[in-house]
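In: the following comprises the amino acid sequence and a computationally predicted model.
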Number of protein chains: 4
Amino acid sequence: MTTHHFVATSFHNVIGTMPAALRVLSGDTVITRTIDAAGYDEEDVRRASGPNPMNGPVFVEGAVSGDALKVEILDMVPTRDTGFTRSVLAANVIDPETIRELPKPDKTLWAIDRQAMTVRLTEPVSGIENLVLPLAPMIGCFGVAPSLGQAISTATSGEHGGNMDYRLFGPGTTVWLPVFSPGALFFLGDCHAVQGDGEIVGTGVETTFEVTVRLTVEKAKPMTWPRAETADDIITVGNARPLDQALQHATTEMLRLLTTDYRLTWVAASHLLGQVVRYDIGNVYDPAYTVACRVAKKWLPRL
Amino acid sequence: MTTHHFVATSFHNVIGTMPAALRVLSGDTVITRTIDAAGYDEEDVRRASGPNPMNGPVFVEGAVSGDALKVEILDMVPTRDTGFTRSVLAANVIDPETIRELPKPDKTLWAIDRQAMTVRLTEPVSGIENLVLPLAPMIGCFGVAPSLGQAISTATSGEHGGNMDYRLFGPGTTVWLPVFSPGALFFLGDCHAVQGDGEIVGTGVETTFEVTVRLTVEKAKPMTWPRAETADDIITVGNARPLDQALQHATTEMLRLLTTDYRLTWVAASHLLGQVVRYDIGNVYDPAYTVACRVAKKWLPRL
Amino acid sequence: MTTHHFVATSFHNVIGTMPAALRVLSGDTVITRTIDAAGYDEEDVRRASGPNPMNGPVFVEGAVSGDALKVEILDMVPTRDTGFTRSVLAANVIDPETIRELPKPDKTLWAIDRQAMTVRLTEPVSGIENLVLPLAPMIGCFGVAPSLGQAISTATSGEHGGNMDYRLFGPGTTVWLPVFSPGALFFLGDCHAVQGDGEIVGTGVETTFEVTVRLTVEKAKPMTWPRAETADDIITVGNARPLDQALQHATTEMLRLLTTDYRLTWVAASHLLGQVVRYDIGNVYDPAYTVACRVAKKWLPRL
Amino acid sequence: MTTHHFVATSFHNVIGTMPAALRVLSGDTVITRTIDAAGYDEEDVRRASGPNPMNGPVFVEGAVSGDALKVEILDMVPTRDTGFTRSVLAANVIDPETIRELPKPDKTLWAIDRQAMTVRLTEPVSGIENLVLPLAPMIGCFGVAPSLGQAISTATSGEHGGNMDYRLFGPGTTVWLPVFSPGALFFLGDCHAVQGDGEIVGTGVETTFEVTVRLTVEKAKPMTWPRAETADDIITVGNARPLDQALQHATTEMLRLLTTDYRLTWVAASHLLGQVVRYDIGNVYDPAYTVACRVAKKWLPRL
């Protein structure tokens, strides 16, 4: 197993089939420095334009359509002392009749304390002067080349992953993505120092990171939507609008997972999910929204 | 402050304006035994038909339109050794094309161990033979008479509360409901021994409880949607379809709460919510779905 | 068959079970003068408050749960020279990010020429000075007492009818509503001189009419959603949010109608609908939206 | 102005930036023979796989981002005596609980009479033996390369056009598409002999056509969503889920069109749309749904 220090020299606003920027073997580790959602790097130099410029693609030898790409998020180290957010809730997350009452959003700066591992507003804002949040790194956007040779904007998401903005996609989490193209073609970027559910101001605290992932091909693993695992939970993710449909996708994928990997019948899986399922909301800002279906491992049958 | 032992003799499938079954003073406590969602009591005798027959209404002296009714859920003691669920996921929570693969739902029995405070299937089901869940009591359906003299089915929910099926509406939680009618007219029932997010089999573990609530009028407290507080969090709730709209209602109500009770500006409230908000999904089975917007108290300004 | 001149003396903002204002026999005709959506009568005297005050209920002898009430809209004669609209598109029908660009809505007056049977703005508006629309009367809100003893706001709609705001619910159209309560308990009001699809400014041209309807009980006619017939078409109507669900309800009801009344198989009904169905959009402003599923009679099998 | 007889030799399942198959000047006419949605040509030889293989792209000289591509659909001549449909309504257009009652869909053959210009089932189906529909040709899927270098599946739609399945996109209609890439890169295919609203069996009568379009660049014409014009109407189109959002996009685009091209104020445009707008439903089967916002030209100001 090799560790690759991958220095991205060009960045992509779509996730699609294109020449590899790096080729790795299954099981290799990739360390790469991401730029922020607006294209600024750790020195605050603009390297690309938005939305969500990606490092990649990484071609993983041996991956073919029908396989899964296992992505272990091993580490995320912040590389800059600042991040930015938008200052006002997105128009689509509040009642339409109340939108006129809100000011237009500005860009707001946050200070990232890389010793204390905390985040706070650079300029104090009345009422929340003391708001100091623990750093909670996550990868906002990552995925593999989609089906049919599609190339999909990093402003949205789909079966291939993409801009899911889900809080649990951080260090310690392992994600599986369905492979559609030779080499899988993995992209990542748009990392956040912290973010609430839904990314409801249209951003997390957008900044730059050094990200370490291990990429492994799992052969012939049929799946439709991204799957994940943390220390405590198994997770499936649906990306669509409205949230109702994202929830349907995530729940259907969890049913498939429970009936194949855990050999439960439809009824057993229904009993389990009915009484223990947890839903999390990823992105509710982009064209496609994200819902995660989560089940604590402690309730699963021993295999 | 008086404690009323309220024995319901008739039950209601709508929440609306009707003669009071009990009159109490603001601050009084009510202890009452509920029947299950299908109308069976603690002796398994059918006392009413579904959906979700309610105890009530309780007329709280002094409550008028524009006030809020504060409902402290003080205690929930299970009163029966069995509960029931449906055995298959509801058709609306999975992808439409996959519904044909699922069997039709049956009614399934669960055993409630009132000593151990646990819940398990009465008949073992292969793969989940060892599933023993801690009792996690919650009130599935409660609310006050809605606006305009409406009477709304207990199978759905709205600004007045109703069938929200939200896990955190259990002992230790305080809920505020907007008052529309003289006396508020409070109803409750449909209690669950445990339930996953969304009530996605169409039921929690449906059973009977002795419920203790304290009802207090808060004068002239304008609010549109239910609000709540737990030891850790403040919460607002939206009820609508699709989930997107329920989320808009809940988020808008939280904005109102933060800008009035906590005196934050729109921008300060947006900064806070953007980075710390949590969304929970209540019911995704009924005509109206439920989304809760939740903020940890530790992030709120000291008042 | 009797013709009743029904003078409403009180008006209702909910459709529900309440004492009859008029009792008629099945097949009788009712002529009644409606007030406008804001509660003003033909003399511009305020007689009730909004939303959509209803004349009724009319108790139709012999109607019981499981029957259908056939409502023939025989005539609608305008009784006032003015109507009103809101002046700006509703916030929920445009992209959320663009709402801030629109002014807040005012109330705008329209002149109704009862000789020429036309409608125009009272004050000329630049660019549309010459807009003169033919009178196209329709009943915005009508229905029967809903199931379970519910009483539902006239600002919304459901299986019982209600505020559907569908252009084709005018003279010459026959509507069938499912009966839930003894006597059906029919209500009507909120008539429009003209209205575009969706009622997207939140109003049609709201005014007063003398409406003539014939009410007939059809025994044991199972149906879930309103059905209708014009000279050219058969129609089913679904009321829900999002539009997707309203469309599902309307399409499912049309499938039921084709497979029962026209004895088509599911496949024959699918072939027919697949190639000839038309969808119309009723209300897209209220809590529940309205979609009509329409099939031209010329394509139907002869019975 | 040149007329190009364009013989497609390869076909595309995405609409995206790729090498031109044909280069034309603005104002040129293109005549091309399309294959059906499943990839079969006029001789019933499989030439490509689905979904919706496209002819193209056609590079139109002079088109750059910010321009519009005007597409005049001049003629559509059927080139085969058969078409096919699916035999059962799509699962997503009926109530989820009723899906289990429907059989699984088969492929059904239709006969196209190119003399009589009619369409009928090849095998008679009981109850609709006499169903003979007039040929009503339309282009199901067409568009230009999307923004950001995206390549989007022909199974869906977006700002760039795509699989909109709108009945009025047939001969005599002119469509404007926003240009994102040099040369616009125009694709078309997936033609239907006839189709009901919504393409609710998942297909129209899928067959092959010789299509004639004239392609003209209109410089610096800002627009977000497709626009169109027929003899009687101006039209804007929104593509998204749920239908509510597609309707928002279409309505917002119509507002822009009325306030720029027809110089109406927001209020004048609102008055007009509020009382005369018509909504049509294109596709309700694909990942993105299609809603058309339509205004009769007779109500528009003279320019």
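Out: Happy to help now that I have it. Numbers count the residues shown, from 1 in each chain, chains lettered A, B, ... in the order given.
In: how many other residues sit next to the closest residue to A:Thr259 other than its chain neighbours?
Out: The spatial neighbour of A:Thr259 that comes closest, neighbours along the chain excluded (C-beta to C-beta, 6 or more residues apart in numbering or on different chains), is A:Ala269 at 5.7 Å. C-beta coordinates here come from the backbone N, C-alpha and C atoms, glycine included. Number of residues near A:Ala269 (other C-beta atoms under 10 Å in any protein chain shown) recorded here: 25.
In: same deal with the one 10 residues further on?
Out: Neighbours of A:Tyr279 under the rule other C-beta under 10 Å: 24.
In: repeat that for A:Lys219.
Out: A:Lys219: 12 neighbours (other C-beta under 10 Å).
In: I'd say it and A:Asp67 touch.
Out: Yes - using C-beta atoms under 8 Å, A:Lys219 is in contact with A:Asp67, at 5.4 Å.
In: overlap in contacts, those two.
Out: Between them, A:Lys219 and A:Asp67 share no contacting residue under C-beta atoms under 8 Å, 6 or more residues apart in numbering or on different chains.
In: ok, back up a step: distance check, the residue nearest to A:Thr259 against A:Ile234.
Out: Separation of A:Ala269 from A:Ile234 (C-beta to C-beta, to the nearest Å): 12 Å.
In: ditto for A:Ser49
Out: Counting by C-beta to C-beta - A:Ser49 and A:Ile234 are separated by 37 Å.
In: which one of these two has more residues nearby?
Out: A:Ile234 (20 against 11).
In: element containing the more buried one, please.
Out: strand A:233-240 (DSSP states H and E).
In: how far is that strand from where the chain is centred?
Out: 11 Å (C-alpha atoms, centre = their mean, to the nearest Å).
In: name the helices or strands packed onto that strand?
Out: Secondary-structure packing of strand A:233-240 (3 or more C-beta pairs under 8 Å, 6 or more residues apart in numbering or on different chains; DSSP states H and E): strand A:227-229, helix A:243-260, strand A:289-296.
In: so for the longest one, what gets flagged as buried?
Out: By neighbour count with 16 or more other C-beta atoms under 10 Å in any protein chain shown, helix A:243-260 contains the buried residues A:243-259.
In: now the next helix or strand after it and helix A:243-260, what's the angle there?
Out: Once helix A:243-260 ends, the next helix or strand along the chain (criterion: DSSP H and E) is helix A:266-276. Using axes from the mean of the first three to the mean of the last three C-alpha atoms, to 10 degrees, the inter-axis angle of helix A:266-276 relative to helix A:243-260 is 130 degrees.
In: residues of helix A:266-276 that come out buried?
Out: So, applying 16+ other C-beta under 10 Å, buried residues of helix A:266-276: A:266-276.
In: pLDDT on it, on average?
Out: Helix A:266-276 shows a mean pLDDT of 98.
In: hmm, back to that, as CSV, the helices and strands packed on strand A:233-240 with mean pLDDT and distance to B:Asn13 would be great.
Out: Converted to CSV, those look like this (pLDDT from 0 to 100; distance: least, C-beta to C-beta, whole Å):
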stretch, mean pLDDT, distance to B:Asn13
strand A:227-229, 98, 41
helix A:243-260, 98, 26
strand A:289-296, 98, 31
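In: now for A:Thr154, how many residues are close by?
Out: Neighbour number of A:Thr154 under other C-beta under 10 Å is 28.
In: for chain C, see how far away it is.
Out: 19 Å (C-beta to the nearest C-beta, to the nearest Å).
In: for A:Asn52, give me its contacts.
Out: Contacts of A:Asn52 (C-beta under 8 Å, 6+ apart): A:13, A:37, A:140-141, A:154-155, A:163, A:189-190.
In: switch to 10 Å and redo it
Out: For A:Asn52, the contact set (C-beta atoms under 10 Å, 6 or more residues apart in numbering or on different chains) comprises A:11-15, A:34-39, A:140-142, A:153-156, A:162-163, A:165, A:187-191, A:206, A:286.
In: related to what we said a few turns ago, ok, which pair from the buried residues of helix A:266-276 is furthest apart?
Out: A:Trp266 and A:Val276 (16.3 Å; C-beta to C-beta).
In: report the contact partners of A:Arg86.
Out: Counting by C-beta under 10 Å, 6+ apart, A:Arg86 has contacts A:104-108, A:199-203, A:206, A:285, B:270-271, B:274.
In: could you check how many residues crowd around the nearest residue to A:Glu218 once chain neighbours are set aside?
Out: In this structure, A:Glu218 finds its nearest non-sequential neighbour in A:Ala68, 4.5 Å apart by C-beta to C-beta, 6+ apart. Neighbours of A:Ala68 under the rule other C-beta under 10 Å: 23.
In: got the residues of the stretch 201-303 of chain A near chain D?
Out: Proximity of the stretch 201-303 of chain A to chain D, by C-beta under 10 Å from any C-beta of the partner chain, involves residues A:240-242, A:244-245, A:248, A:287-288.
In: and the two most separated of the residues you listed?
Out: A:Gln248 and A:Pro287 (17.3 Å).
In: using the three-state scheme, assign the nearest residue to A:Thr79 once chain neighbours are set aside.
Out: Counting by C-beta to C-beta, 6+ apart, A:Glu42 is the residue found nearest to A:Thr79 once chain neighbours are left out, at 4.1 Å. Under DSSP: H, G, I helix; E, B strand; the rest coil, A:Glu42 falls in the coil class.
In: my guess is A:Glu42 contacts A:Thr34. True?
Out: Yes - between A:Glu42 and A:Thr34 there is a contact at 9.0 Å, judged by C-beta atoms under 10 Å.
In: return every residue with contacts to both of the two.
Out: In contact with both A:Glu42 and A:Thr34: A:79, A:207-210, using C-beta under 10 Å, 6+ apart.
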